[in-house]
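Chemist: Got a predicted structure plus its sequence, pasted below:
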Amino acid sequence: MSLSSLPPTNAVAPLTPIHSGQAEPSPANPKQSEPVQPDAVTATQTGQKSATDADASRSSHPGQTQTDADSAPSSAEARLVEQQLQQLQTRDQEVKTHEQAHANAGGQHAGRPKYEFTRGSDGRMYASDGEVSIDTGKIEGDPQATIDKMQTVIQAANAPAQPSNQDRKVAAQAAVIMSEARAEMLQEVQQAEQEADSELTAASTEKTSDTPSATDTNAQPAAKLDIEDSDNDQAQSRLQNQMVKAGAYQQAFPPGTVIDDRL
């Protein structure tokens, strides 16, 4: 995608050739009056004098009428050419400043300015239009990098003092891509939080299963006492059997002895 320059302002008017006109001859008798018929002598003298005066006027100011007619159009045409040249120079400065602002703000994502030129009346070439290419593609797998890139693109599009319509379109497209990248990054954060919660729950469950419960802890001493009592009973039984076999009971309690079982 490219960032374009401003639309042309103060468009140069085309040269319009100006042709010098020639004055139409005045009518010989504008008032349509009857000619005066002088006598021969007067007519001859008047005619000679008129011819002489006309010749003298032409000899003293040769080509005066033609020069005056040509000088005015030539001056107007020169002023128009000068105005057109000034407009080309102004446009050249505007275009180059505009495109250079795009390139500087775009950094590594922007290309070099490209210009279209128009030849002026002085033979020099002047920039009349231009553009700067800029990369608006997102960075796959890295939403944060995409967000940073689109912020640079938006800054580059809005860098000139007067962004063009194309510049605004580029900025709007970059804003959409940046919004999508932010949504993608938020989804990744939420997924990471869910995975962390699952791991924490699993670890807590495993720890609980390894720890003996209070019921089991209380039951252990009772079971131990039962085992000890059983061992004591067996030992006493064995002792009694040995005493019986050895005749200890017969000696301690001879026949006829009354034993008080209430003790």
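Modeler: Good, I have the coordinates. Numbers count the residues shown, from 1 in each chain.

Chemist: isn't K114 right up against D129?
Modeler: No: the pair K114 / D129 is not scored as a contact, 9.4 Å apart, by Cβ atoms under 8 Å. (Glycine included, C-beta is placed from N, CA and C.)

Chemist: where exactly do the strands run in this protein?
Modeler: 2-4, 114-119, 125-133 (DSSP state E).

Chemist: deepest of those strands, which one?
Modeler: Across the strands of the chain, averaging neighbours per residue (mean count of other Cβ atoms under 10 Å) puts strand 2-4 on top, at a mean of 22.

Chemist: so what does that strand touch, helix or strand wise?
Modeler: helix 64-106, strand 125-133, helix 165-210 (3 or more Cβ pairs under 8 Å, 6 or more residues apart in numbering; DSSP states H and E).

Chemist: what packs against the last one?
Modeler: Contacts of helix 165-210 with other secondary structure elements, assessed using 3+ Cβ pairs under 8 Å, 6+ apart, are made with strand 2-4, helix 143-157.

Chemist: Nearest residue to E184 in space, please, no chain neighbours.
Modeler: Nearest non-adjacent residue to E184, counting by Cβ to Cβ, 6 or more residues apart in numbering: P143, 4.5 Å away.

Chemist: Per-residue confidence at that neighbour, what does it come out as?
Modeler: pLDDT, P143: 95.

Chemist: quick one, what contacts it?
Modeler: Going by Cβ atoms under 8 Å, 6 or more residues apart in numbering, P143 touches A181, R182, E184, M185, E188.

Chemist: Tell me which of the helices and strands packed on strand 2-4 lies nearest to D231.
Modeler: When those are compared by Cβ to Cβ, helix 165-210 sits nearest D231, at 31.5 Å.

Chemist: And L200, how close does it get to K207?
Modeler: Going from L200 to K207 by Cβ to Cβ, to the nearest Å gives 11 Å.

Chemist: can you check S237 too?
Modeler: For S237 relative to K207 (Cβ to Cβ), the value is 47 Å.

Chemist: What residues of stretch 163-170 count as buried?
Modeler: If you call a residue buried by 16 or more other Cβ atoms under 10 Å, then stretch 163-170 has these buried ones: P163, S164, Q166, D167, V170.

Chemist: now the residues you listed in TSV, with distance to E82 and pLDDT?
Modeler: TSV is the format used below for the buried residues of stretch 163-170 (distance: Cβ to Cβ, whole Å; pLDDT from 0 to 100):
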residue	distance to E82	pLDDT
P163	32	95
S164	29	94
Q166	32	95
D167	32	96
V170	37	96
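
Chemist: Show me the shaky parts of the stretch 1-150 of the chain.
Modeler: 5-73 (pLDDT under 70).

Chemist: I154: neighbouring residues, count only.
Modeler: 19 (other Cβ atoms under 10 Å).

Chemist: actually I147, not the one I typed
Modeler: Neighbour number of I147 under other Cβ under 10 Å is 19.

Chemist: Next one: it from S4, what distance?
Modeler: Distance from I147 to S4, by Cβ to Cβ: 25 Å.

Chemist: just T146 next, same as before
Modeler: Distance from T146 to S4, by Cβ to Cβ: 24 Å.

Chemist: check contacts around the closest residue to R182 other than its chain neighbours.
Modeler: Spatially, and ignoring its direct neighbours in sequence, R182 is nearest to I147 (6.2 Å; Cβ to Cβ, 6+ apart). By Cβ under 8 Å, 6+ apart, the contact list for I147 reads M178, A181, R182, M185.

Chemist: And for H102?
Modeler: L3, A110, P113, V132, I134, A156, A157, A159, P160, D167.
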